[in-house]
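A.B. asks: compute the structure for the input listed below.
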Amino acid sequence: MDLKQIFFEHQAQTTDFASAFEVERAEGCYVYGKDGKRYLDLVAGVSANNLGHGHPQVTAAVKEQLDRYSHVMVYGEYVQEQPALLSKRLAEVLPTSLSNVYLVNSGTEAIEGALKIAKRCTRRNEIVAANGAYHGATHGALSVTGNLEWTRSMRPLLPGIKFIDFNDFDHLKTINHKTAAVILETIQGANGFVTPENNYLKAVRERCDEVGALLILDEIQPGFGRTGSLFGFEHYDIVPDILVVGKAMGGGLPIGGFISSQEIMDVIRRNPMLGHITTFGGHPVPAAASLAHLNALLDEGWIDLIETKESIFRQRLIHPAVKAVTGKGLMLAVHLDTPERVQEVARRAMEKGLILFWLLFKGNALRVTPPLIITEEQIHWACDVIIECLDEVTS
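C.D. replies: Here you go, the predicted model:
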(Lines give C-alpha, C1' and ligand atoms only; values in the text may rest on other atoms or scores of the structure.)
Protein backbone atom coordinates (compact mmCIF):
# COMPACT_ATOMS: atom_id res chain seq x y z
CA MET A 1 0.00 0.00 0.00
CA ASP A 2 1.51 3.35 -0.98
CA LEU A 3 1.50 6.42 1.26
CA LYS A 4 -1.21 8.25 -0.69
CA GLN A 5 -3.53 5.26 -0.38
CA ILE A 6 -2.85 5.12 3.36
CA PHE A 7 -3.64 8.84 3.60
CA PHE A 8 -7.06 8.43 1.99
CA GLU A 9 -7.99 5.18 3.75
CA HIS A 10 -6.82 5.87 7.29
CA GLN A 11 -6.59 9.63 7.79
CA ALA A 12 -9.98 11.30 8.20
CA GLN A 13 -10.72 13.64 5.31
CA THR A 14 -12.31 17.09 5.44
CA THR A 15 -13.19 17.51 1.74
CA ASP A 16 -13.73 15.36 -1.32
CA PHE A 17 -10.83 17.00 -3.15
CA ALA A 18 -7.67 17.00 -1.01
CA SER A 19 -4.67 17.70 -3.23
CA ALA A 20 -2.74 14.80 -1.64
CA PHE A 21 0.55 16.53 -2.43
CA GLU A 22 3.31 14.39 -0.90
CA VAL A 23 5.78 16.43 1.14
CA GLU A 24 9.44 15.48 1.41
CA ARG A 25 10.78 18.48 3.35
CA ALA A 26 10.41 22.25 3.70
CA GLU A 27 12.91 25.05 4.10
CA GLY A 28 12.57 28.82 4.04
CA CYS A 29 9.84 29.79 1.56
CA TYR A 30 9.88 26.44 -0.24
CA VAL A 31 8.18 23.10 0.21
CA TYR A 32 9.86 20.16 -1.51
CA GLY A 33 7.76 17.30 -2.84
CA LYS A 34 8.52 13.62 -3.16
CA ASP A 35 8.35 14.30 -6.90
CA GLY A 36 11.75 16.01 -6.60
CA LYS A 37 10.38 19.50 -7.32
CA ARG A 38 10.40 22.58 -5.11
CA TYR A 39 7.36 24.79 -4.68
CA LEU A 40 7.26 28.43 -3.58
CA ASP A 41 4.84 28.59 -0.67
CA LEU A 42 2.30 31.44 -0.85
CA VAL A 43 0.19 29.93 1.93
CA ALA A 44 2.66 29.45 4.84
CA GLY A 45 0.65 26.69 6.47
CA VAL A 46 -2.40 29.00 6.36
CA SER A 47 -0.62 31.98 7.94
CA ALA A 48 1.21 29.81 10.46
CA ASN A 49 4.81 29.80 9.21
CA ASN A 50 5.52 33.53 9.36
CA LEU A 51 9.30 33.03 9.37
CA GLY A 52 9.12 30.29 6.80
CA HIS A 53 9.91 26.63 7.25
CA GLY A 54 12.67 25.44 9.55
CA HIS A 55 13.91 28.76 10.91
CA PRO A 56 17.27 27.88 12.50
CA GLN A 57 16.58 29.62 15.84
CA VAL A 58 13.22 27.90 16.19
CA THR A 59 14.65 24.50 15.29
CA ALA A 60 17.57 24.92 17.71
CA ALA A 61 15.23 25.94 20.54
CA VAL A 62 13.02 22.88 19.96
CA LYS A 63 15.99 20.51 19.93
CA GLU A 64 17.49 22.05 23.05
CA GLN A 65 14.23 21.77 24.97
CA LEU A 66 13.61 18.19 23.83
CA ASP A 67 17.05 17.27 25.15
CA ARG A 68 16.08 18.67 28.56
CA TYR A 69 12.50 17.43 28.98
CA SER A 70 9.13 17.37 27.29
CA HIS A 71 5.77 17.13 29.09
CA VAL A 72 6.07 16.89 32.87
CA MET A 73 2.83 18.25 34.40
CA VAL A 74 -0.55 19.76 33.61
CA TYR A 75 -0.78 23.51 33.04
CA GLY A 76 -0.11 25.88 35.91
CA GLU A 77 1.55 23.61 38.49
CA TYR A 78 5.29 23.55 37.82
CA VAL A 79 7.60 26.43 37.00
CA GLN A 80 8.99 25.65 33.55
CA GLU A 81 11.48 28.02 32.01
CA GLN A 82 10.26 28.33 28.42
CA PRO A 83 6.52 28.90 29.10
CA ALA A 84 7.38 31.42 31.83
CA LEU A 85 9.84 33.34 29.66
CA LEU A 86 7.44 33.30 26.71
CA SER A 87 4.67 34.76 28.87
CA LYS A 88 7.01 37.47 30.13
CA ARG A 89 8.17 38.31 26.60
CA LEU A 90 4.60 38.59 25.34
CA ALA A 91 3.75 40.92 28.22
CA GLU A 92 6.77 43.07 27.30
CA VAL A 93 5.64 43.62 23.71
CA LEU A 94 1.94 44.16 24.49
CA PRO A 95 0.11 47.05 26.20
CA THR A 96 0.36 46.97 29.99
CA SER A 97 -3.25 45.82 30.40
CA LEU A 98 -2.38 42.62 28.51
CA SER A 99 0.10 41.23 30.99
CA ASN A 100 -1.24 37.81 31.95
CA VAL A 101 -0.96 34.90 29.52
CA TYR A 102 -2.72 31.53 29.50
CA LEU A 103 -0.95 29.19 27.07
CA VAL A 104 -3.00 26.52 25.30
CA ASN A 105 -2.60 24.22 22.32
CA SER A 106 -4.31 26.11 19.50
CA GLY A 107 -6.18 29.24 18.54
CA THR A 108 -9.59 27.62 18.80
CA GLU A 109 -8.82 26.42 22.33
CA ALA A 110 -7.78 29.96 23.20
CA ILE A 111 -11.15 31.22 21.93
CA GLU A 112 -12.89 28.79 24.29
CA GLY A 113 -10.91 30.12 27.24
CA ALA A 114 -11.56 33.74 26.30
CA LEU A 115 -15.32 33.18 26.11
CA LYS A 116 -15.31 31.47 29.49
CA ILE A 117 -13.44 34.18 31.35
CA ALA A 118 -15.56 36.91 29.75
CA LYS A 119 -18.74 35.31 31.07
CA ARG A 120 -17.18 34.55 34.43
CA CYS A 121 -15.75 38.06 34.86
CA THR A 122 -18.86 40.01 33.85
CA ARG A 123 -21.41 37.52 35.24
CA ARG A 124 -23.33 38.02 32.01
CA ASN A 125 -24.20 35.33 29.48
CA GLU A 126 -24.70 37.04 26.13
CA ILE A 127 -21.95 37.21 23.51
CA VAL A 128 -22.00 39.44 20.44
CA ALA A 129 -20.10 38.15 17.41
CA ALA A 130 -19.88 39.15 13.75
CA ASN A 131 -21.52 37.73 10.68
CA GLY A 132 -18.84 36.23 8.47
CA ALA A 133 -16.56 35.58 11.43
CA TYR A 134 -14.56 32.40 11.82
CA HIS A 135 -13.11 31.63 15.25
CA GLY A 136 -12.43 27.89 15.06
CA ALA A 137 -14.18 24.54 14.90
CA THR A 138 -14.69 23.55 18.56
CA HIS A 139 -18.18 23.93 19.98
CA GLY A 140 -17.89 27.34 21.62
CA ALA A 141 -15.77 28.78 18.82
CA LEU A 142 -18.26 27.44 16.29
CA SER A 143 -21.08 29.11 18.20
CA VAL A 144 -19.55 32.56 17.58
CA THR A 145 -18.72 31.76 13.96
CA GLY A 146 -21.02 33.82 11.76
CA ASN A 147 -21.75 31.56 8.84
CA LEU A 148 -25.04 29.66 9.00
CA GLU A 149 -24.17 27.44 6.03
CA TRP A 150 -21.10 26.25 7.87
CA THR A 151 -22.63 25.84 11.34
CA ARG A 152 -26.14 24.62 10.51
CA SER A 153 -25.37 20.90 10.60
CA MET A 154 -23.70 21.22 14.03
CA ARG A 155 -26.65 22.84 15.79
CA PRO A 156 -27.83 23.35 18.47
CA LEU A 157 -24.90 25.52 19.48
CA LEU A 158 -24.40 27.72 22.55
CA PRO A 159 -27.36 29.94 23.47
CA GLY A 160 -27.08 33.68 23.99
CA ILE A 161 -25.10 34.51 20.85
CA LYS A 162 -26.09 37.58 18.83
CA PHE A 163 -24.59 38.51 15.47
CA ILE A 164 -23.86 41.93 14.02
CA ASP A 165 -22.46 42.96 10.65
CA PHE A 166 -18.75 43.82 10.65
CA ASN A 167 -18.21 47.52 9.86
CA ASP A 168 -21.92 48.33 10.42
CA PHE A 169 -22.17 51.13 12.99
CA ASP A 170 -25.96 50.86 13.24
CA HIS A 171 -25.62 47.34 14.64
CA LEU A 172 -23.58 48.49 17.63
CA LYS A 173 -26.77 49.08 19.59
CA THR A 174 -27.01 45.28 19.82
CA ILE A 175 -24.20 45.56 22.39
CA ASN A 176 -25.97 46.31 25.67
CA HIS A 177 -25.87 45.81 29.44
CA LYS A 178 -26.57 42.08 29.01
CA THR A 179 -23.49 41.63 26.82
CA ALA A 180 -20.60 39.81 28.45
CA ALA A 181 -18.27 40.34 25.53
CA VAL A 182 -17.99 41.29 21.90
CA ILE A 183 -15.71 38.96 19.96
CA LEU A 184 -14.29 40.11 16.63
CA GLU A 185 -11.44 39.20 14.36
CA THR A 186 -9.30 42.30 13.98
CA ILE A 187 -9.34 41.48 10.27
CA GLN A 188 -11.93 38.94 9.19
CA GLY A 189 -10.11 35.95 7.74
CA ALA A 190 -12.39 33.29 6.27
CA ASN A 191 -14.79 35.96 5.02
CA GLY A 192 -12.29 37.45 2.58
CA PHE A 193 -9.71 39.37 4.64
CA VAL A 194 -12.14 42.16 5.48
CA THR A 195 -10.47 45.12 7.21
CA PRO A 196 -12.21 47.48 9.66
CA GLU A 197 -13.23 50.80 8.14
CA ASN A 198 -13.89 54.34 9.39
CA ASN A 199 -12.61 53.72 12.93
CA TYR A 200 -15.06 50.85 13.34
CA LEU A 201 -13.01 49.09 16.01
CA LYS A 202 -12.75 52.31 18.00
CA ALA A 203 -16.54 52.61 17.93
CA VAL A 204 -16.88 49.02 19.15
CA ARG A 205 -14.35 49.70 21.91
CA GLU A 206 -16.28 52.79 23.02
CA ARG A 207 -19.60 50.94 22.99
CA CYS A 208 -18.13 48.11 25.09
CA ASP A 209 -16.82 50.62 27.62
CA GLU A 210 -20.20 52.35 27.72
CA VAL A 211 -22.14 49.20 28.65
CA GLY A 212 -19.45 47.35 30.62
CA ALA A 213 -18.86 44.59 28.08
CA LEU A 214 -15.42 43.14 27.37
CA LEU A 215 -13.83 43.30 23.94
CA ILE A 216 -12.18 40.10 22.72
CA LEU A 217 -10.01 40.45 19.63
CA ASP A 218 -9.14 37.33 17.67
CA GLU A 219 -5.60 37.85 16.35
CA ILE A 220 -5.05 34.19 15.53
CA GLN A 221 -4.33 35.03 11.90
CA PRO A 222 -3.29 38.74 11.86
CA GLY A 223 -0.91 38.34 14.80
CA PHE A 224 2.87 38.06 14.80
CA GLY A 225 3.71 40.49 12.06
CA ARG A 226 1.48 39.43 9.21
CA THR A 227 -0.23 42.81 8.75
CA GLY A 228 2.89 44.98 9.11
CA SER A 229 2.70 45.45 12.87
CA LEU A 230 3.34 42.85 15.54
CA PHE A 231 -0.41 42.63 16.19
CA GLY A 232 -3.16 43.80 13.89
CA PHE A 233 -4.97 45.90 16.50
CA GLU A 234 -1.96 48.23 16.67
CA HIS A 235 -3.04 49.70 13.33
CA TYR A 236 -6.36 50.82 14.79
CA ASP A 237 -5.37 52.60 18.01
CA ILE A 238 -7.32 50.37 20.39
CA VAL A 239 -6.53 47.76 23.01
CA PRO A 240 -8.79 44.74 23.64
CA ASP A 241 -9.65 43.42 27.10
CA ILE A 242 -8.76 39.90 25.96
CA LEU A 243 -6.39 39.07 23.10
CA VAL A 244 -6.50 35.66 21.43
CA VAL A 245 -3.44 34.39 19.55
CA GLY A 246 -2.38 31.23 17.71
CA LYS A 247 -1.26 30.09 14.24
CA ALA A 248 2.12 31.81 13.68
CA MET A 249 2.73 32.06 17.41
CA GLY A 250 4.62 28.76 17.49
CA GLY A 251 6.88 29.24 14.49
CA GLY A 252 5.35 26.11 12.98
CA LEU A 253 4.48 24.25 16.20
CA PRO A 254 0.99 24.06 17.73
CA ILE A 255 0.37 26.66 20.43
CA GLY A 256 -2.16 29.35 21.26
CA GLY A 257 -2.99 31.70 24.06
CA PHE A 258 -5.48 34.12 25.54
CA ILE A 259 -4.06 37.19 27.18
CA SER A 260 -5.63 39.73 29.50
CA SER A 261 -5.08 41.61 32.74
CA GLN A 262 -4.27 39.82 35.98
CA GLU A 263 -7.61 41.00 37.37
CA ILE A 264 -9.63 39.40 34.58
CA MET A 265 -7.57 36.22 34.46
CA ASP A 266 -7.84 35.72 38.22
CA VAL A 267 -11.46 34.56 37.84
CA ILE A 268 -10.28 31.08 36.88
CA ARG A 269 -8.35 30.58 40.12
CA ARG A 270 -11.38 30.03 42.32
CA ASN A 271 -15.14 29.46 42.38
CA PRO A 272 -14.36 26.93 41.05
CA MET A 273 -10.69 26.29 41.48
CA LEU A 274 -9.14 25.16 38.17
CA GLY A 275 -11.83 27.10 36.31
CA HIS A 276 -9.92 26.44 33.08
CA ILE A 277 -7.43 23.60 32.83
CA THR A 278 -5.44 21.85 30.11
CA THR A 279 -3.05 18.92 30.16
CA PHE A 280 -0.72 20.03 27.40
CA GLY A 281 -1.22 23.81 27.42
CA GLY A 282 2.05 25.57 28.20
CA HIS A 283 3.99 22.59 26.85
CA PRO A 284 7.69 23.50 27.03
CA VAL A 285 8.58 22.43 23.49
CA PRO A 286 6.08 24.63 21.59
CA ALA A 287 6.76 27.36 24.14
CA ALA A 288 10.48 27.22 23.32
CA ALA A 289 9.66 27.42 19.62
CA SER A 290 7.29 30.33 20.21
CA LEU A 291 9.80 32.33 22.24
CA ALA A 292 12.53 31.78 19.65
CA HIS A 293 10.13 32.72 16.86
CA LEU A 294 9.01 35.92 18.58
CA ASN A 295 12.57 37.02 19.30
CA ALA A 296 13.70 36.29 15.75
CA LEU A 297 10.70 38.11 14.31
CA LEU A 298 11.53 41.22 16.30
CA ASP A 299 15.32 41.03 15.91
CA GLU A 300 15.47 40.38 12.16
CA GLY A 301 13.31 43.31 11.05
CA TRP A 302 10.90 41.44 8.78
CA ILE A 303 7.86 43.38 9.97
CA ASP A 304 9.35 46.64 8.68
CA LEU A 305 9.37 45.24 5.13
CA ILE A 306 5.74 44.11 4.99
CA GLU A 307 4.28 47.33 3.58
CA THR A 308 6.67 47.29 0.63
CA LYS A 309 5.97 43.64 -0.10
CA GLU A 310 2.23 44.24 0.06
CA SER A 311 2.53 47.06 -2.43
CA ILE A 312 4.36 44.82 -4.92
CA PHE A 313 1.61 42.21 -4.76
CA ARG A 314 -1.05 44.88 -5.24
CA GLN A 315 0.78 46.48 -8.17
CA ARG A 316 1.41 43.16 -9.90
CA LEU A 317 -1.88 41.33 -9.32
CA ILE A 318 -3.86 43.40 -11.80
CA HIS A 319 -5.79 41.37 -14.36
CA PRO A 320 -9.29 41.49 -15.93
CA ALA A 321 -10.18 38.35 -13.96
CA VAL A 322 -9.23 39.94 -10.61
CA LYS A 323 -12.28 41.63 -9.10
CA ALA A 324 -10.53 42.95 -5.99
CA VAL A 325 -7.54 42.44 -3.72
CA THR A 326 -8.50 42.78 -0.06
CA GLY A 327 -6.66 42.51 3.22
CA LYS A 328 -3.62 44.12 4.79
CA GLY A 329 0.10 43.40 4.78
CA LEU A 330 0.82 39.85 3.70
CA MET A 331 -2.73 38.79 4.49
CA LEU A 332 -4.24 39.29 1.05
CA ALA A 333 -7.18 37.80 -0.83
CA VAL A 334 -7.34 37.88 -4.62
CA HIS A 335 -11.02 37.74 -5.56
CA LEU A 336 -12.01 36.02 -8.81
CA ASP A 337 -15.48 35.33 -10.18
CA THR A 338 -16.09 31.71 -9.12
CA PRO A 339 -14.71 29.06 -6.75
CA GLU A 340 -14.17 26.80 -9.77
CA ARG A 341 -11.84 29.37 -11.33
CA VAL A 342 -9.92 29.69 -8.07
CA GLN A 343 -9.47 25.92 -7.90
CA GLU A 344 -8.27 25.80 -11.50
CA VAL A 345 -5.78 28.65 -10.97
CA ALA A 346 -4.45 26.94 -7.84
CA ARG A 347 -4.11 23.63 -9.69
CA ARG A 348 -2.23 25.19 -12.60
CA ALA A 349 -0.03 27.21 -10.27
CA MET A 350 0.94 24.03 -8.43
CA GLU A 351 2.01 22.48 -11.72
CA LYS A 352 4.29 25.49 -12.23
CA GLY A 353 5.78 25.27 -8.73
CA LEU A 354 3.62 27.74 -6.77
CA ILE A 355 1.44 26.81 -3.78
CA LEU A 356 -1.88 28.67 -3.53
CA PHE A 357 -5.03 28.02 -1.52
CA TRP A 358 -8.48 29.55 -1.02
CA LEU A 359 -10.49 31.09 1.82
CA LEU A 360 -12.94 29.08 3.89
CA PHE A 361 -16.07 31.19 3.36
CA LYS A 362 -14.96 32.89 0.14
CA GLY A 363 -14.17 30.08 -2.25
CA ASN A 364 -13.84 32.61 -5.05
CA ALA A 365 -10.75 34.19 -3.42
CA LEU A 366 -7.15 33.05 -3.66
CA ARG A 367 -5.22 33.22 -0.40
CA VAL A 368 -1.92 35.12 -0.55
CA THR A 369 -0.29 34.66 2.86
CA PRO A 370 3.37 33.82 2.19
CA PRO A 371 6.08 33.64 4.83
CA LEU A 372 7.07 37.15 5.85
CA ILE A 373 10.63 36.37 4.74
CA ILE A 374 9.60 36.12 1.08
CA THR A 375 11.92 38.19 -1.10
CA GLU A 376 10.88 40.80 -3.66
CA GLU A 377 12.29 38.56 -6.39
CA GLN A 378 10.14 35.65 -5.19
CA ILE A 379 7.08 37.91 -5.08
CA HIS A 380 7.60 39.00 -8.69
CA TRP A 381 8.02 35.38 -9.80
CA ALA A 382 4.86 34.34 -7.92
CA CYS A 383 2.88 37.16 -9.49
CA ASP A 384 4.15 36.18 -12.94
CA VAL A 385 2.84 32.66 -12.36
CA ILE A 386 -0.54 33.85 -11.09
CA ILE A 387 -1.01 36.19 -14.05
CA GLU A 388 0.02 33.41 -16.43
CA CYS A 389 -2.53 31.06 -14.87
CA LEU A 390 -5.23 33.73 -15.03
CA ASP A 391 -4.45 34.23 -18.72
CA GLU A 392 -4.78 30.49 -19.31
CA VAL A 393 -8.12 30.09 -17.53
CA THR A 394 -9.69 33.18 -19.17
CA SER A 395 -8.38 32.77 -22.72
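
A.B. asks: what mean pLDDT does the helix or strand hosting Gly327 get?
C.D. replies: Element membership for Gly327, per DSSP states H and E: strand 324-328. Confidence over strand 324-328 (mean pLDDT, whole number) is 98.

A.B. asks: buried ones in it?
C.D. replies: By 16 or more other C-beta atoms under 10 Å, the buried positions in strand 324-328 come out as 325-328. Using the backbone N, CA and C atoms, a C-beta is placed for each residue, glycine as well.

A.B. asks: just the closest of the residues you listed to Ala346, please.
C.D. replies: Ranking the buried residues of strand 324-328 by separation from Ala346, with C-beta to C-beta as the measure, puts Val325 on top at 16.3 Å.

A.B. asks: so the closest one bridges to which residues?
C.D. replies: Beta-bridge partners for Val325, by DSSP bridges, are Val334.

A.B. asks: distance of it relative to Thr369?
C.D. replies: Relative to Thr369, Val325 is positioned 13 Å away (C-beta to C-beta, to the nearest Å).

A.B. asks: what touches both of those two?
C.D. replies: In terms of C-beta atoms under 8 Å, 6 or more residues apart in numbering, Val325 and Thr369 are both contacted by the residues Leu332.

A.B. asks: hmm, back to that, pick the one among the buried residues of strand 324-328 closest to Arg341.
C.D. replies: When those are compared for distance to Arg341 (C-beta to C-beta), Val325 comes out closest, at 15.4 Å.

A.B. asks: who touches the closest one in this structure?
C.D. replies: 313-314, 317, 332-335.

A.B. asks: filter those down to the buried ones.
C.D. replies: Using 16+ other C-beta under 10 Å as the threshold, 313, 317, 332-335 are the buried ones among the contacts of Val325.

A.B. asks: and those residues, which is closest to Lys173?
C.D. replies: Ranked by distance to Lys173 (C-beta to C-beta), these are led by Ala333 at 29.9 Å.

A.B. asks: Gly363 is in contact with that closest one, correct?
C.D. replies: No - taking C-beta atoms under 8 Å as the contact criterion, Ala333 and Gly363 are not neighbours in contact, 11.2 Å apart.

A.B. asks: got the end-to-end distance for stretch 316-324?
C.D. replies: Length of stretch 316-324, first residue to last, C-alpha to C-alpha, to the nearest Å: 13 Å.

A.B. asks: point out where the chain drops to low pLDDT.
C.D. replies: Judged by pLDDT under 70, the chain has its weakly predicted residues at 1.

A.B. asks: helices along that one, start to end?
C.D. replies: Taking DSSP state H, the helices of the chain run over residues 3-10, 44-47, 56-68, 81-93, 107-122, 139-143, 148-151, 200-211, 262-265, 284-299, 306-316, 339-351, 376-394.

A.B. asks: elements contacting the fifth one?
C.D. replies: In terms of contact count using 3 or more C-beta pairs under 8 Å, 6 or more residues apart in numbering; DSSP states H and E, helix 107-122 is assigned the packing partners strand 100-104, strand 126-131, helix 139-143, strand 179-185, strand 214-218, strand 242-245, strand 256-260, helix 262-265.

A.B. asks: go again using 6 Å as the cut-off
C.D. replies: Helices and strands touching helix 107-122, by 3 or more C-beta pairs under 6 Å, 6 or more residues apart in numbering; DSSP states H and E, are helix 139-143, strand 179-185, strand 242-245, strand 256-260.

A.B. asks: and the contacts of it?
C.D. replies: Outside helix 107-122, the residues within contact range by C-beta atoms under 6 Å, 6 or more residues apart in numbering are 102, 104, 125, 135-136, 138, 140-141, 180-181, 214, 216, 220, 242, 244, 246-247, 256-258, 264, 267, 276.

A.B. asks: and if we set it to 7 Å?
C.D. replies: Contact partners of helix 107-122, identified using C-beta atoms under 7 Å, 6 or more residues apart in numbering, comprise 102, 104, 125, 127, 135-138, 140-141, 180-181, 212-214, 216, 218, 220, 242, 244-247, 256-258, 260, 264-265, 267-268, 275-276.

A.B. asks: and the protein, split by domain according to the record?
C.D. replies: The chain is divided into the following domains under automatic domain parsing: 3-54+301-394, 56-299.

A.B. asks: so how far does the first one reach from one end to the other?
C.D. replies: By C-alpha to C-alpha, the extent of domain 3-54+301-394 from end to end equals 35 Å.

A.B. asks: closest to Gly251 among the buried ones among the contacts of Val325?
C.D. replies: Nearest to Gly251, judged by C-beta to C-beta, of the buried ones among the contacts of Val325 is Leu332 at 21.7 Å.

A.B. asks: what separates stretch 236-253 from the chain centre, distance-wise?
C.D. replies: How far stretch 236-253 lies from its chain's middle: 8 Å, per C-alpha atoms, centre = their mean, to the nearest Å.

A.B. asks: measure that stretch end to end?
C.D. replies: The stretch stretch 236-253 measures 29 Å between its terminal residues, going by C-alpha to C-alpha.

A.B. asks: next, the buried residues of it.
C.D. replies: With burial defined by 16+ other C-beta under 10 Å, the residues of stretch 236-253 counted as buried are 236, 238-253.

A.B. asks: okay, which residue is most central for this structure?
C.D. replies: Residue closest to the mean C-alpha point of the chain, counted by C-alpha atoms, centre = their mean, is Gln221 at 2.1 Å.

A.B. asks: hang on, it packs against Ser47?
C.D. replies: Yes - with contact taken as C-beta atoms under 7 Å, Gln221 and Ser47 are classed as touching, separated by 4.8 Å.

A.B. asks: any shared contact partners between these two?
C.D. replies: Counting by C-beta under 7 Å, 6+ apart, the common neighbours of Gln221 and Ser47 are 247, 331.

A.B. asks: for the closest residue to Ile306 other than its chain neighbours, grab the count of nearby residues.
C.D. replies: For Ile306, ignoring the flanking residues on the chain, the nearest one in space by C-beta to C-beta, 6 or more residues apart in numbering is Gly228 at 3.8 Å. Neighbour count for Gly228, taken as other C-beta atoms under 10 Å: 22.

A.B. asks: quick one, what contacts Gly228?
C.D. replies: Gly228 sits next to 303, 306-307, 328-329 when contact means C-beta under 7 Å, 6+ apart.
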